[in-house]
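*Asks:* Here is the input, now give the coordinates:
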Amino acid sequence: MNPDRPSILIVDDEEKIRKVLKINLQQKYSVFLAKSGEEAQQHLQNEVINLVITDLKMPGKVNGLQLLEYVKEHFKQIPIIIITAFGTVENAVNAMKLGAFDYILKPIKLAELTPLIEKALHFASLVQENKTLKERLKKYEGQREIVTANPRMQAILSTVKDVAQTNATVLIQGESGTGKQLVASSVHYMSPRADQPFIEINCGAIPKELMESELFGHEKGAFTGAVQTRKGKFEMASGGTLFLDEIGELPLELQVKLLHILENQRFTRVGGTQYLQTDVRIVAATNRDLAREVKEGRFRQDLFYRLKVVFIQIPPLKDRKEDIPVLVRYFIDKHQQLNVEGAHNLSVSDDAMEALTRYPWPGNVRELENVIQQAIIFAKEGIVGINNLPEEIKTGLVKKAETKEELQQEKQRRTANILREIEYDFLKRLLKSTSGNISHAAEKSGYDRRQIQNLIKKHNVNIENFKH
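*Replies:* Reported below is the predicted structural model:
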């Protein structure tokens, strides 16, 4: 079959009709023939079909109407044109009510059928295009919005929109928690590659000995434990974007291989000899000063300049104080959508907002979101007050641990915050998946009813929000 031509499946128990239609249509279309509904189902399962033309009345277990129902259930995007005799027009109209695109009367006149085919194929093309656009929009809308009132950040957003339309490599630099991943995903989802994969890998979170296999994949038997061939991130991201987070952690020997891929657009799997072509857009991010890393010999200069085709430096939150009130409101609204009772009605007291604005935010936007999420849980009477904020924010000081005891206390405090967040997210997902039914939640999770109820009370969750 020619992939550039639309394919048509003609289903009719009369051999003469099948042959005549094929002779007249095969110059423009790839034509498949079936003499029964059962045979048509086989073609649909094994071939890429763009249009079905079928007679209503056929012998066998699957007549035209049953074939229509089968297509609408399993291949919704394929339009169907019904062939019918004059005396059974009413049946054809009923078939259209069930989802047929149109019908044509016997004897078939090519002057009538040809424009009908074009109309049906055009309609199917529009439906598919609309579906693709909706999926692309859904992906983009699924990304967290970059909220800012800061001129530097607004300039960054303008840069992102411009660079997204190109294939240029992007290097994003900024402190942890400033939103580097969010900027990277925006570059992808605003680009022509948006309907292709966006694959992430944290170069600092994977052991050195496993990183090469993670990036490039490996062949079966390449090393102990390589029981089968495995694709790496470069293959998974084919046609899309590969986000290399914490690129400054990449070992020097792998920096050489990455540079080779960027220059030649090809690579080999671990243990392999065959070169594989790649079409991947690279976006990298780091919280290190890579220029300094280059000077001190920890990062290759040639790779640094190859990555830095477009350079984006994200300022820390302490340098964009005007963003704090905007982000506070955004996170309150966001967690209202995540079924936190009453969050959408919350206000922030003046002294609380002053403390939030004064605080230097060493954890940046990520830390701010965690603080707001916790404050929402404990807010009383619709107000986030100063007493709902952590002690260090109330005082405006970030106390650095200087003794073993202080370090232990800081570790315990941060661990408690992380565990609370994990527990809260777990509870929301569990209640959502069970529509707020505590018995079902207990059965699904392995907890008993009393433990689920204690979690609900602990996190101040309104169970009624999950029962719809």
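*Asks:* Return, as residue ranges, the portions of the stretch 301-450 of the chain with sub-threshold pLDDT.
*Replies:* By pLDDT under 70, the weakly predicted segments of the stretch 301-450 of the chain are 336-344, 396-401, 413-414, 417.
*Asks:* how about the strands of it, start to end?
*Replies:* Under the criterion DSSP state E, counting those that start in this stretch, the stretch 301-450 of the chain carries strands at the ranges 310-313, 347-348, 383-384.
*Asks:* buried residues in the first one?
*Replies:* Pointing back at strand 310-313 there. Residues 310, 312 are the ones in strand 310-313 that count as buried (16 or more other Cβ atoms under 10 Å). The way it works is simple: take the backbone N, C-alpha and C, and place the C-beta from them, glycine included.
*Asks:* strands paired with it, and their directions?
*Replies:* Partners of strand 310-313 in the sheet, by DSSP bridges, are strand 170-173 (parallel).
*Asks:* who touches the partner strand?
*Replies:* Residues from elsewhere that reach strand 170-173 (Cβ atoms under 8 Å, 6 or more residues apart in numbering): 163, 180, 183-184, 187, 247, 282-290, 307-314.
*Asks:* pLDDT of the very next helix or strand once past it, averaged?
*Replies:* Sequence-wise, the next helix or strand downstream of strand 170-173 (DSSP states H and E) is helix 180-189. What helix 180-189 shows for mean pLDDT is 93.
*Asks:* Emit the PyMOL select command for whichever of the contacts of strand 170-173 are buried.
*Replies:* Applying 16+ other Cβ under 10 Å to these, the buried members can be selected in PyMOL as follows:
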select buried, resi 163+180+183+184+187+247+282+283+284+285+286+287+290+307+308+310+312+314
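*Asks:* Now distance to Lys76 too, for the strands of the stretch 301-450 of the chain, in JSON lines please.
*Replies:* Output for the strands of the stretch 301-450 of the chain, formatted as JSON lines (distance: least, Cβ to Cβ, whole Å):
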{"stretch": "strand 310-313", "distance to Lys76": "41"}
{"stretch": "strand 347-348", "distance to Lys76": "47"}
{"stretch": "strand 383-384", "distance to Lys76": "47"}
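*Asks:* The closest residue to Ile49 other than its chain neighbours: how many residues sit nearby?
*Replies:* Among residues not flanking Ile49 along the chain, Leu9 sits closest, at 4.8 Å (Cβ to Cβ, 6 or more residues apart in numbering). Leu9 has 24 neighbours, counted by other Cβ atoms under 10 Å.
*Asks:* ok, now the one 10 residues further on?
*Replies:* In terms of burial, Lys19 registers 13 neighbours under the definition other Cβ under 10 Å.
*Asks:* that's a strand at it, yeah?
*Replies:* No - assessed by DSSP: H, G, I helix; E, B strand; the rest coil, Lys19 does not belong to a strand; its assignment is helix.
*Asks:* Can you tell me how far it is from Ser176?
*Replies:* Distance, Lys19 to Ser176, by Cβ to Cβ, to the nearest Å: 70 Å.
*Asks:* next one: Ser191
*Replies:* As for Ser191, its distance to Ser176 is 25 Å (criterion: Cβ to Cβ).
*Asks:* Tell me which of those two has more neighbours.
*Replies:* Higher neighbour count among Ser191 and Ser176: Ser191, with 21 against 13, using other Cβ under 10 Å.
*Asks:* show me what contacts the more buried one?
*Replies:* Counting by Cβ under 8 Å, 6+ apart, Ser191 touches 164-165, 241, 281.
*Asks:* how about 6 Å then?
*Replies:* Ser191 is in contact with Ala164, counting by Cβ atoms under 6 Å, 6 or more residues apart in numbering.
*Asks:* Which helix or strand contains it?
*Replies:* Using DSSP H and E, no helix or strand contains Ser191.
*Asks:* Got the confidence number for Thr241?
*Replies:* In this model, Thr241 is scored at 95, pLDDT.
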